[in-house]
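**Q** Fold the following and give me the result.
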Amino acid sequence: MSDRIPDELVEEIRKRTDIVDVISDYVQLKKQGRNYFGLCPFHGENSPSFSVSPEKQIFHCFGCGAGGNVYSFLMDHDGVSFKEAVAIAGAKTGVKVDLSNAESTEQSTQDKKLHQDHLEAHELLSKFFHHLLMNTNEGQKSLEYMMQRGFSEEQLKSFRIGWALPSWDFTSELLKKRGFDLSSMEQAGLVIKRDDGSYFDRFRGRIMFPVENDRGQVVAFSGRIIEKTSDEPKYLNSPETPLFQKNKVLFNYHKARGAIRREQSVVLFEGFADVISSNEHVPNGIATMGTSLSNQHIGMIKRLTNQVIICYDGDQAGIEAAFKAVRETAASGLEVKVAILPSKLDPDDYIQKNGSQKFRQEIIDSSVSIMAFKMHYFRSKINLSTEDGRLHYINSVLKEIAVLPGAVEKELYIKQLSGETNLSIAALSEQLSSITPRENTSSEPPQPPKTVQTGGAFQRKSTLMPAYLTAERHLLAHMMANAETAYTVQNLLSGKVLNKDEHQAIYTYLLAYFEDGSRSDSGAFMQMLPDRHLRAIATEINMMDINPEVGSEELNDYVSEVLKYQKMLKIKEKEAEEKEAERNNDFRKAAEIGMEIIHLRKALKR
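**A** The predicted structure is shown next:
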């Protein structure tokens, strides 16, 4: 079998794939005019400069310059090879692509096999653990425990929850029998090596929760012990491995995508048990994996929504963690609310007592603003029964009110503080006026190039471009839109080349594309370009808003501008030669060059 995917299959999958649907799995897109816009997944930004054209089936970021077709996006975003990108797109359209004999251009054969072995081992164990819990006598006690905790059979199946036998080597022997190398399985975090060189199971006698990445692949496990008989931790997570980095994985992210878009918000929990127990009425829940919220986590959230409800535990540690998460998410430009739980309860505890429907209604739907949460946070830390405590609380809240942007907001919380403390609004307002708003010390993400909105579409902030470059870009845009126009431009240039090397390369590839009998298709042409830099430039040009009914006069004007610049360069070259001849006292040659310059200038005027 050839290691090359047939061109016909590549083209069939590309045509059957809707680039908007694919990118919507990674980026929250909103329609603006003919195109869709969102926050670029390739660089940090707070204003949407990432554009997707359903008509042309291409994408382009006006901020960082990334661009191309659906395959380019998958390659750049997921870090996969072209063949793997075709397979991913094929899977989304129901077309299977066999990669068994395809060489990876991104990884060595050994690295790729190691990666695949780790994924297959996790998938195998996920199915095996789930079978043990749901269908065997060995798992019956654990199944009853989960049911008593309020988990439904549907939840256990949906999240593929399982049971690891209380054996030291059952998993390692299973992996060995299935042909997996145990030293590789140690690297995957599934087994542990003893001093004598033998291996034993990392997870033993635990309820097993598979952890999936953003593509739905199992990359780790978290195991919960049922009966604590020693100093073992209640939860045991997979170690960090090539597959699993805690700061890049959010539990339930893959499953919750659709719900997050429908709800237009995400609920951020501290633990995955909260996500599972609330899932029936809060399907848009996700959780970090025992680590603080990272910039990568925030970036993943911003791809799907700009609204976050933080729902952490109700104890002091949970409130402290929520306060930190609020600061980080708000600084990134997200709209943030906080769901406040009764003291010392976590979401799972609340749901076991009151049910997930009441949790949705009374906790999630009653989430409060950042300022209201901060007031709650300060109250939780201060003893309000003392005079010093009340004064400290009042000053802390007033400092937060001082940095609020709107007068209405300030008045609202001044009135609320007045009601809490029995102090007059006038006294609090006077105290507020004496507070200088503190400088923002939060770490702001790097700002992308500013964008402006024109006619419903975002464009990079205009910069003055030389006339000849503008002309070349318009010529290429019209050529990409129509094969007949491309040949017209070729005739008008009469063998002359474009001034910018990248433009000339795109021009050459475009003519070859049409000579091959291909029809005008932006996505197909982008695929032909071998260089990522060229694809980015070509995509940006292709996203230009041009008049499809271009006339010969307009094309002639563009070509004239291109050739005019070349004539100007020729004049400068001759002027340098004339000066050189004069320095050498070769006045006859200087006079001849001078006449050439006069003729060139006349031609330039014509």
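**Q** Tell me which stretches of the stretch 301-450 of the chain form helices.
**A** 316-331, 347-354, 356-359, 370-381, 387-402, 407-421, 425-433 (DSSP state H, counting those that start in this stretch).
**Q** Could you count how many residues lie near Asp588?
**A** If you look again at residue 588, you'll see it is Arg, not Asp. Neighbourhood size, Arg588 [other Cβ atoms under 10 Å]: 8. Using the backbone N, CA and C atoms, a C-beta is placed for each residue, glycine as well.
**Q** I meant Gly205, not that one.
**A** 17.
**Q** for it, what are its contacts?
**A** By Cβ atoms under 8 Å, 6 or more residues apart in numbering, the residues touching Gly205 are 164-166, 225-226.
**Q** and the helices of the stretch 301-450 of the chain, which is most packed in?
**A** Each of the helices of the stretch 301-450 of the chain was scored by mean neighbour count; the highest is helix 347-354, a mean of 20, by mean count of other Cβ atoms under 10 Å.
**Q** For that one, name the packing helices and strands.
**A** In this structure, helix 347-354 makes packing contacts with helix 272-278, helix 356-359, judged by 3 or more Cβ pairs under 8 Å, 6 or more residues apart in numbering; DSSP states H and E.
**Q** the domain parsing of this protein - what is it?
**A** Using automatic domain parsing, the domains assigned to the chain come out as 7-92, 109-241, 250-433, 464-606.
**Q** Throw these into a markdown table and include mean pLDDT and distance to Asp98, thanks.
**A** Formatted as a markdown table, the domains of the chain follow (pLDDT from 0 to 100; distance: least, Cβ to Cβ, whole Å):
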| stretch | mean pLDDT | distance to Asp98 |
| --- | --- | --- |
| domain 7-92 | 86 | 8 |
| domain 109-241 | 92 | 14 |
| domain 250-433 | 90 | 24 |
| domain 464-606 | 85 | 20 |
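**Q** Tell me which of the ones you listed is the most buried.
**A** Of all those, domain 7-92 carries the top mean neighbour count, a mean of 20, counting by mean count of other Cβ under 10 Å.
**Q** so how far is it off the chain centroid?
**A** 11 Å (Cα atoms, centre = their mean, to the nearest Å).
**Q** Can you check the distance spanned by it, start to finish?
**A** 18 Å (Cα to Cα, to the nearest Å).
**Q** what helices or strands is the helix or strand encompassing Gly594 leaning on?
**A** Element membership for Gly594 (DSSP states H and E) is helix 587-605. Contacts defined by 3+ Cβ pairs under 8 Å, 6+ apart place helix 587-605 against helix 552-583.
**Q** quick check: angle from the helix it packs on to helix 587-605?
**A** Here the directions of helix 552-583 and helix 587-605 differ by 170 degrees (axes from the mean of the first three to the mean of the last three Cα atoms, to 10 degrees).
**Q** Would you verify that His122 is located in a strand?
**A** No: under DSSP: H, G, I helix; E, B strand; the rest coil, His122 sits outside any strand and is assigned helix.
**Q** Could you check the pLDDT of Gln453?
**A** Here, the pLDDT recorded for Gln453 equals 43.
**Q** Any idea which of the helices of the stretch 301-450 of the chain gets closest to Phe73?
**A** Phe73 lies closest, by Cβ to Cβ, to one member of the helices of the stretch 301-450 of the chain: helix 316-331, at 25.9 Å.
**Q** any idea of the angle that closest one forms with helix 370-381?
**A** For helix 316-331 against helix 370-381, the angle between stretch directions is 150 degrees (the same axes, to 10 degrees).
**Q** Run the chain-centre distance for helix 316-331.
**A** In terms of Cα atoms, centre = their mean, the centre of helix 316-331 is set 22 Å apart from its chain centre.
**Q** And for stretch 570-588?
**A** Centroid displacement of stretch 570-588 relative to its chain, using Cα atoms, centre = their mean, is 57 Å.
**Q** contacts for the helix holding Gly594?
**A** Contact partners of helix 587-605, identified using Cβ under 8 Å, 6+ apart, comprise 564, 567-568, 570-571, 574-575, 577-578, 581-582.
**Q** Can I get those in a markdown table including distance to Pro342?
**A** A markdown table is the format used below for the contacts of helix 587-605 (distance: Cβ to Cβ, whole Å):
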| residue | distance to Pro342 |
| --- | --- |
| Lys564 | 76 |
| Lys567 | 80 |
| Met568 | 77 |
| Lys570 | 81 |
| Ile571 | 82 |
| Lys574 | 86 |
| Glu575 | 84 |
| Glu577 | 87 |
| Glu578 | 89 |
| Ala581 | 92 |
| Glu582 | 92 |
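**Q** Just say helix, strand or coil for Leu236.
**A** strand.
**Q** For Gly290, give me its contacts.
**A** Counted by Cβ under 8 Å, 6+ apart, Gly290 has contacts 222, 235, 237, 246, 271.
**Q** Out of those, the closest to Gly517 would be?
**A** Nearest to Gly517 among the contacts of Gly290: Lys246, at 51.4 Å, using Cβ to Cβ.
**Q** How many neighbouring residues does that closest one have?
**A** 20.
**Q** Please tell me I have it right and Leu492 contacts Val559.
**A** Yes: Leu492 lies in contact with Val559 (Cβ atoms under 8 Å); the separation is 4.4 Å.
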